[in-house]
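> 3D model of this:
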Amino acid sequence: MRDPLGSVSVKDGRVIRSLNQPLSQADFLHQEEALTLIEKEQLIAFEFSNELEVISPLVSFVTYPHEWTNAQLNDAADLTLTIAEFCAETNWELKDASAWNVIFDGTSPIFCDHLSFQKITKKNWWAFAQFVRHFVLPLCVAKYAGLDAYESFKLNRDGLNPQQVKAMLGFRRFFTRYWSLLIDIKTTKQLIQTETQKQSGKHLHQNLYSLLRYYINGAKTKKKKSIWSDYIDTRNHYEKESQKIKNQTIESWLKKTNPTWVTDFGCNTGEYTRLANKSGAKVIAVDLDHESIQQLYLSAKGNKDIYPVVADLDDMFAGRGWAGNEFAGLVTRIARVNEMSLMLALIHHLAISNSIPLRNIAEFAKMVTKKWLVVEFLD
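Prediction:
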């Protein structure tokens, strides 16, 4: 992560934030508020190894906004606002409001940028525009234009700007609560100033947070069906007894091998993800169907051992950010931890639908798997 106050590296299973200069005793990290956020599991725990190093535990597998469901981005937005509201009570604010400052420990969002806190010195919240780009507008487009939030972050690591959303929504924008964000900057600033001054006796920042929460709450999308989201209930290529044998076989293999990490490729809504998790494994659940992954995420909320990922196996993102190394690609992240890969009723989609040679699929499986591979071929 980029920060003018320091840099981040990973060593010996720990995240090391090296500071350019020591933090004063008045810094947020030395205050009770920081400990409170840690106790609430809203901020990753930390300690000072010396005056120039802040040490945090490493979350073994991290997903990024271009791999999240709409519900995940909404929960990340809610966490950011919750932290901002709490900090404002004692005159602190977030310097930035980036979606990349939130990571998921399983299905639980947690804030990871320890240097993002500063004292409020001005009435305006500088991070307002970034929050809108990273959270409000991608969720707005997901609801009204059908472009899921993860696709917005594939287009641009900095989310969406008002001009892009204006072009996507056209005249429809005037029938949404987001219309005031989609006009020229000067007028938008005037509207925001008017809105934030409506409630007397409240801190200006708190009014801004209330306004943003109004936008976020309005962006929650209803449960939708896709071609795959009801696959478990509608599949007809297994007889009941065959399905039972399949489940028992995989369950017995999981017990025998006892993997710490499993990746369920083409997981759908997580039938075998849950089976692997039940055996004691942490599970990375990967599927290209947004609605299936969102269904899995919502049903597993609070589970720190299931990691939902929206990704197309035919076109997985490589590294992003500076020199392509700032945020590791999905294949690299999976390969670091994955002991068992499940590829159940998947190969024909890759080999036939996407014309990937079987040898290449085998090489991929070897690349991302440390020990065991379970493959199911359909006749």
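> which stretches of the stretch 51-200 of the chain form strands?
Here the stretch 51-200 of the chain has its strands, by DSSP state E, counting those that start in this stretch, at 53-57, 92-94, 102-105, 108-111, 117-119.
> tell me which of those strands sits nearest to Tyr238.
Evaluated over the strands of the stretch 51-200 of the chain, closeness to Tyr238 peaks at strand 102-105, with 32.1 Å, by Cβ to Cβ. Every residue, glycine included, has its C-beta placed from N, CA and C.
> and that closest one, which strands flank it?
strand 108-111 (antiparallel) (DSSP bridges).
> now the partner strand: mean pLDDT?
Strand 108-111 shows a mean pLDDT of 97.
> the strands of the stretch 51-200 of the chain: which one's closest to Phe135?
In terms of Cβ to Cβ, the element of these nearest to Phe135 is strand 102-105, at 9.7 Å.
> pull out the buried positions in the closest one.
102-105 (16 or more other Cβ atoms under 10 Å).
> before we move on, the earlier item: possible to save the strands of the stretch 51-200 of the chain as a markdown table with distance to Asn70?
Converted to a markdown table, the strands of the stretch 51-200 of the chain look like this (distance: least, Cβ to Cβ, whole Å):
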| stretch | distance to Asn70 |
| --- | --- |
| strand 53-57 | 28 |
| strand 92-94 | 22 |
| strand 102-105 | 14 |
| strand 108-111 | 14 |
| strand 117-119 | 28 |
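> thought Cys140 was touching Trp179?
No: here Cys140 does not reach Trp179: they are 10.2 Å apart, not a contact under Cβ atoms under 8 Å.
> the two: which has the busier surroundings?
With other Cβ atoms under 10 Å as the criterion, Cys140 and Trp179 differ in neighbour count, and Cys140 comes out ahead with 27 against 14.
> now do the buried residues in stretch 34-43.
34, 37, 42-43.
> nearest to Cys267, of those residues?
Gln42 (28.0 Å).
> what about the closest one, distance to Asp105?
Separation of Gln42 from Asp105 (Cβ to Cβ, to the nearest Å): 11 Å.
> and if you look at Phe28?
21 Å.
> ok, the buried residues of strand 102-105 vs Lys95, which is closest?
For the buried residues of strand 102-105, the nearest to Lys95 is Val102 (14.7 Å; Cβ to Cβ).
> that older thread, the strands of the stretch 51-200 of the chain: which one's closest to Ala311?
Closest among those, using Cβ to Cβ: strand 102-105, at 14.3 Å.
> spit out the contact partners of Lys123.
Leu204 (Cβ atoms under 8 Å, 6 or more residues apart in numbering).
> distance of it relative to Ser108?
In terms of Cβ to Cβ, Lys123 sits 34 Å off from Ser108.
> again with Gln163
In terms of Cβ to Cβ, Gln163 sits 34 Å off from Ser108.
> tell me which of these two has more neighbours.
The neighbour count for Gln163 versus Ser108, taken as other Cβ under 10 Å, is higher for Ser108 (15 against 10).
> which one is that one nearest to, not counting chain neighbours?
Nearest non-adjacent residue to Ser108, counting by Cβ to Cβ, 6 or more residues apart in numbering: Lys304, 5.7 Å away.
> mind checking how far stretch 212-232 is from the chain centre?
How far stretch 212-232 lies from its chain's middle: 15 Å, per Cα atoms, centre = their mean, to the nearest Å.
> need the max-distance pair from the buried residues of stretch 34-43.
Using Cβ to Cβ, the pair of these lying farthest apart is Ala34 and Gln42, separated by 10.5 Å.
> who are the neighbours in contact with Ile38?
Contacts of Ile38 by Cβ under 8 Å, 6+ apart are 44-46.
> one more: Gly106?
Residues in contact with Gly106 (Cβ under 8 Å, 6+ apart) are 282, 300, 303-307.
> what number of residues lie near the nearest residue to it once chain neighbours are set aside?
Distances taken as Cβ to Cβ, 6+ apart put Lys304 closest to Gly106, at 3.5 Å, once the chain neighbours are dropped. Per other Cβ under 10 Å, the neighbour tally for Lys304 reads 15.
> Lys304 falls within a helix, correct?
No: going by DSSP: H, G, I helix; E, B strand; the rest coil, the assignment for Lys304 is coil, not a helix.
> wait, it touches Asp105, no?
Yes: at 5.1 Å, Lys304 counts as touching Asp105 under the criterion of Cβ under 8 Å.
> and which of the contacts of Ile38 is nearest to Trp92?
Phe46 (16.2 Å).
> how about the helices in the stretch 151-300 of the chain?
Taking DSSP state H, counting those that start in this stretch as the criterion, the stretch 151-300 of the chain carries its helices at 162-169, 185-196, 204-217, 231-234, 240-257, 271-278, 290-299.
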